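Engineer: got a sequence here, can you model it:
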Amino acid sequence: MSNDLDKVIACLKFLGLRPSMYVYRWRFLTQKIAFLAKALGMDIGYDFTIYVAGPYSRGLNCEYYPDEVKTKMDALQTDYVLTPSDLSVLERIRNCRGLLENQSLMEAASTAVFFMKQNPSITEDNLFMSLKWLKPHIGDSDRVVGITKAKELLFKPEYLTEEIRREMDEWDRVEG
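Structural biologist: Got it, this is the predicted structure:
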């Protein structure tokens with residue numbers, strides 16, 4: 001088992017998940033969490049491409065497919081110690097509400113992150129149309145929320161100026 005798979009197991013453990021790798025939903029979620037962790041800066045060596053259900057790593061799939069590895073993953077057995085940088089990445093994923101609970105939202109958001117990382121200048125309209133074309137089974141509302149979640153995940157705190165912070169506070173007061 002590779003160090004990268006140990007990192008993925010540590011991610012699942014930190015996020016408080018209890019996987020059952022014999023169930024498709026957990027293999028799906030593991031793929032998306034590993035992709036997002038890597039896209040947000042965690043040092044994970046798997047390569048990801050866009051596949052039927054969003055970002056997918058064949059290498060990761062091959063590693064967790066043997067029964068003894070699935071059992072180890074289900075038990076969250078790993079010696080990997082998450083670094084402060086890893087923890088920061090995983091906090092961003094954990095704090096992105098609804099992402100870990102809603103499979104179609106996770107699929108839309110992780111796919112949007114993939115496209116945004118591939119083409120940082122992609123417009124929101126082109127991103128939406130790409131998701132609509134690639135993911136016709138996902139509803140428009142999950143596509144829109146998925147794009148918003150992708151932006152939230154990729155947001156860099158240094159972009160938050162005092163002026164923007166004041167405007168956001170003003171909107172929060174209006175909504176409250």
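
Engineer: element containing residue 8, please.
Structural biologist: Secondary-structure assignment from DSSP states H and E places residue 8 in helix 3-14.

Engineer: elements contacting that helix?
Structural biologist: Helices and strands touching helix 3-14, by 3 or more CB pairs under 8 Å, 6 or more residues apart in numbering; DSSP states H and E, are helix 24-39, helix 58-64, helix 67-74, helix 84-94. In this view, the C-beta of every residue, glycine as well, is placed from N, C-alpha and C.

Engineer: and the angle for it with helix 67-74?
Structural biologist: For helix 3-14 against helix 67-74, the angle by axes from the mean of the first three to the mean of the last three CA atoms, to 10 degrees is 40 degrees.

Engineer: ok, residues contacting helix 3-14?
Structural biologist: Residues outside helix 3-14 that contact it (CB atoms under 8 Å, 6 or more residues apart in numbering): 19, 30, 33-34, 37, 42-46, 60, 63-64, 69, 72-73, 76-82, 86-87, 90, 94.

Engineer: got the buried residues for that helix?
Structural biologist: Within helix 3-14, the residues that qualify as buried by neighbour count (16 or more other CB atoms under 10 Å) are 4-14.

Engineer: could I get the residues you listed as a markdown table with distance to residue 104 and pLDDT?
Structural biologist: Written out in a markdown table, the entries for these read as follows (distance: CB to CB, whole Å; pLDDT from 0 to 100):
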| residue | distance to residue 104 | pLDDT |
| --- | --- | --- |
| 4 | 27 | 95 |
| 5 | 26 | 96 |
| 6 | 29 | 96 |
| 7 | 26 | 96 |
| 8 | 22 | 97 |
| 9 | 25 | 97 |
| 10 | 26 | 97 |
| 11 | 21 | 97 |
| 12 | 20 | 97 |
| 13 | 25 | 97 |
| 14 | 24 | 97 |
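
Engineer: between the residues you listed, which sits nearest residue 124?
Structural biologist: Lowest distance from residue 124 to those (CB to CB) belongs to residue 11, with 28.6 Å.

Engineer: relative to residue 121, how far out is the closest one?
Structural biologist: Computed with CB to CB, to the nearest Å, the distance linking residue 11 and residue 121 is 29 Å.

Engineer: now do the contacts for residue 138.
Structural biologist: Under the contact definition (CB under 8 Å, 6+ apart), the residues listed for residue 138 are 104, 107-108, 131, 146.

Engineer: next, give me the two most distant ones among the residues you listed.
Structural biologist: Greatest spacing in the contacts of residue 138, by CB to CB: 104 and 131 (11.0 Å).

Engineer: share the number of residues neighbouring residue 122, please.
Structural biologist: Taking other CB atoms under 10 Å as the neighbour definition, residue 122 ends up with a count of 15.
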